[in-house]
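Visitor: Based on what follows, work out the 3D shape:
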Amino acid sequence: MAVLRRMLHKAKSPTEGKGGEKRSFFKRRSSTEQEVPPSGPRGPEERPMSPVSGPGVEGVDGHDGRRRISFLKRSRGKTEPALDTATADVGVGKEPLSVLQILQLVKARELVLADSHIIELEGECEKSGGRQCEAHTDSGRKVKDVALLYKELEAELAAIVRGSLADPGTTSHLGQLALTIEQEEKADRERDSRGREPGELRQKWRQAVKDSVSERLSAAQTEGNATIDRRLGSLGDQTVTDLIAVWKKVAVGYPREFEAFSVYVRSYHEAVASSLAQIAQQEMDIQQLYTFLEWTYCLYFREVLGHEELTAHISKQHLGPLLPADTLQTLEDNCVSMVKARVTKQMKKELDVEQERWRQESKVFHSELANRIIQLLKEDIERSSAISEGLESRIAKCGLQCLADFLQSFQGSVLELYDQFADYTARMECVVPQTVAVVNCCPAFRDYIERLIQKYSSDEQELKRKMMGALDKVERRGVNLLTDKLFSELKPHFAKLLRKKWLQSSEGFEAAIATIREHFNQFHKMKTPPYQTLVDGAHRRVVTEYLRPLMHGRVSCTSQEMRTRLALRLNEDSWKLQELFHSLQSTMTWLDLAIGHLAEIIALKETSCIQMEVGVLVSSYPDVCKHHISAVLDIRGDLSPTTKQLILECLQELDAHDGSSSLARDRALFTEIDQATAINCLGFGGTSTPGCLTQCLQALRQRANRSR
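Guide: Residues are numbered from 1 along each chain as shown. Predicted coordinates:
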């Protein structure tokens, strides 16, 4: 081949020699042979050989010859280099062209004409014995020349493909390329056996497209900073730019039956897949892995193949996946593992920061711990949701498991903090703010867990119970701590209730109300669910503590006037408590009438009316016991044992609930009051409360009628 190129370099004209006589590469002309006139009109018998259809352009294939030559002329641009006059003159003669002349045609990109002479030369090789006669000098040389010429033809073909991608404006030779491929395939059909595989040149063209595409995309990725995100960005930008140019300028240079655009699209798709496979072998951190997976799963199909100028012309379903399923699975497994390690480490760090804030005795009522932890989980879930639903679900479940482990550590740290608060003697002012701040983390965690479980992991009920249990303990212990702190300060005020000074002045009770308001000014900064538990529990306990001295018989009336004053005072305090806890948004409104009922039992004069009021009390508060009523009757100080027994006898048929029903549990008030002696609840089993109450009221009405 080097010899051929040196010959091409030295040659000035394919018609060198004296008198312009033709010199065949294969056969030296004798001096006795006539020269072919270089110019002048030719007769029909001297018409030049057509590179496609043989002698002339008429005959059987005349129309086809005219069509192909016409297409060839149209495909030539102004910039296409033309052979010199001597070369063209030689090319149309009947005498076979030399290898050097054919090579000149290839270099001039007269591919159809060059290929026709190569086919002719190949035919001569077959006639002279082909490979079987390679030992013969002339025949063997021809076989080698054919192989070398085909190699040059294929190289020029690849250069045309490469050039059309590099500069889509120079696509004038694509028509020559296409006609050459068709000419080769026609020769394949006409001859059963050739030295080349059928359709080999078309395959070489496709391979040339692949090689050119791969070369361009590789070059695009090495420009500038070769980080993964930049490589992917360059890969996508170059693919979009090239495919738009191919659709608008390159593909139109090929015949429609070549389906050139599809060939280029598949080549770009395969080149992108090859680049991604190389990147997938690299070590990536979590952010790089997210970027890679998002580009592979979504951005490539949405922004590259789905580009507004390309999407209508590309059939994505025929392209196949970019990476094998096992490679993607491995990448996703790595992603989940990295997320778990990173989130676990970051959560521990956040808890350490929170504990340091506790040690500094912060007086701030708000903590960002829950928001930071939730945001930590959201970042990965949102990032994975942009990749695929499957990865999003896996990341969410991984996040739930990390959160469950964190909440166990959080619970342990908070309970230790509560124990320290219980032992505080010096700095009590930080107890309420820090407790409120910690408890306020729980509703945010609880709401986020509910949403994650519902959306991603509805079958993880055991994990949910574990997390909710940890939050319940934190809330319950926090609420109990604040309630105990409140009642430790209320205790001196409740000790003054139902004494003579209490009857004479409301100062002690007003002090208790002020203490409750003062504490709830701070407690009110607690979020709604735990705050509601706190205020409802405080309401029940205040009423219970108020009734406790009444049940213990701390006061005993000596006159009707004193009974009236006592009842009036009880009603006043009852209204004040109602007003207080309504303003604090308590939902325990069923507690409002308890003190009022007892005040009525103390103030009423008629035994039958007292019996009626006792019946109403028992129906409103099923946990009231005989001992409670007996204690209230003793406060009156005016009932004889017989009258007292008469009042209690009418209640013996009442079936007081033993606490097993939901009503008794929800409205347990009197059972929480300590009694110095054992309390025997009213009722002896058997009948239900509504029936017993009806019978009691009927008996009371009968007695009232008889007294009239």
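
Visitor: only C-alpha atoms for contact and neighbour calcs from this point on.
Guide: Fine.

Visitor: just the helices in the stretch 51-200 of the chain please.
Guide: Remark: helices assigned in the stretch 51-200 of the chain by DSSP state H, counting those that start in this stretch are 62-75, 85-91, 99-107, 111-127, 137-166, 174-190, 200-221.

Visitor: my bad, should have said the stretch 451-600 of the chain
Guide: So, for the stretch 451-600 of the chain - with DSSP H, counting those that start in this stretch - the helices run 461-494, 500-504, 507-523, 528-551, 560-583, 594-603.

Visitor: how about those in JSON lines, adding mean neighbour count and distance to Arg667?
Guide: Formatted as JSON lines, these follow (neighbours: other Cα atoms under 10 Å; distance: least, Cα to Cα, whole Å):
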{"stretch": "helix 461-494", "mean neighbour count": "17", "distance to Arg667": "19"}
{"stretch": "helix 500-504", "mean neighbour count": "13", "distance to Arg667": "28"}
{"stretch": "helix 507-523", "mean neighbour count": "16", "distance to Arg667": "22"}
{"stretch": "helix 528-551", "mean neighbour count": "19", "distance to Arg667": "9"}
{"stretch": "helix 560-583", "mean neighbour count": "18", "distance to Arg667": "17"}
{"stretch": "helix 594-603", "mean neighbour count": "21", "distance to Arg667": "11"}
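
Visitor: per-stretch mean pLDDT over those helices, give me the minimum one.
Guide: Lowest mean pLDDT within the helices of the stretch 451-600 of the chain: helix 500-504, a mean of 83.

Visitor: Report how many residues lie close to Gly169.
Guide: Gly169 has 12 neighbouring residues, counting by other Cα atoms under 10 Å.

Visitor: Over to Ile647?
Guide: Residues near Ile647, counting by other Cα under 10 Å, number 21.

Visitor: Where does pLDDT dip in the stretch 1-150 of the chain?
Guide: Within the stretch 1-150 of the chain, the stretches with pLDDT under 70 are 1-95, 128-139.

Visitor: Geometric centre of this protein: which residue is closest?
Guide: Ser385 (1.6 Å; Cα atoms, centre = their mean).

Visitor: In terms of pLDDT, where does that one sit?
Guide: 93.

Visitor: Excluding chain neighbours, give the residue nearest to it in space.
Guide: Glu392 (4.8 Å; Cα to Cα, 6 or more residues apart in numbering).

Visitor: what angle sits between the helix or strand the one you found falls within and helix 461-494?
Guide: Element membership for Glu392 (DSSP states H and E) is helix 389-422. Inter-element angle recorded for helix 389-422 and helix 461-494: 30 degrees (by axes from the mean of the first three to the mean of the last three Cα atoms, to 10 degrees).

Visitor: in helix 389-422, what's buried?
Guide: For helix 389-422, the neighbour count (16 or more other Cα atoms under 10 Å) marks 391-404, 406-408, 410-411, 413-414, 417-418, 421 as buried.

Visitor: Sketch out the low-pLDDT regions of the stretch 551-700 of the chain for me.
Guide: 651-666, 674-700.

Visitor: try 50 this time
Guide: Scanning the stretch 551-700 of the chain for pLDDT under 50 picks out 655-662, 675-700.

Visitor: how about the CA coordinates for stretch 587-606, as CSV?
Guide: Extracted C-alpha coordinates of stretch 587-606, given in CSV (Å, rounded to 0.1, in the frame of the first residue of the first chain):
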residue,chain,number,x,y,z
THR,A,587,-62.1,19.3,76.7
MET,A,588,-63.1,17.8,80.1
THR,A,589,-66.4,19.7,80.3
TRP,A,590,-68.0,16.7,82.1
LEU,A,591,-66.1,17.8,85.2
ASP,A,592,-67.9,21.1,85.4
LEU,A,593,-70.9,19.9,87.3
ALA,A,594,-69.3,17.7,89.9
ILE,A,595,-68.7,20.4,92.5
GLY,A,596,-72.1,21.9,91.8
HIS,A,597,-73.9,18.6,92.5
LEU,A,598,-72.2,18.2,95.8
ALA,A,599,-73.1,21.9,96.7
GLU,A,600,-76.7,21.1,96.0
ILE,A,601,-76.7,18.0,98.2
ILE,A,602,-75.3,20.2,101.0
ALA,A,603,-77.8,23.1,100.5
LEU,A,604,-81.1,21.2,99.9
LYS,A,605,-83.5,20.9,102.8
GLU,A,606,-86.0,18.3,101.7
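
Visitor: who touches that stretch?
Guide: Applying Cα atoms under 8 Å, 6 or more residues apart in numbering, the external contacts of stretch 587-606 come out as 532, 536, 539-540, 543, 547, 560, 563-564, 566-568, 570-571, 574-575, 577-578, 610, 613-614, 617, 632-633, 635-636, 667.
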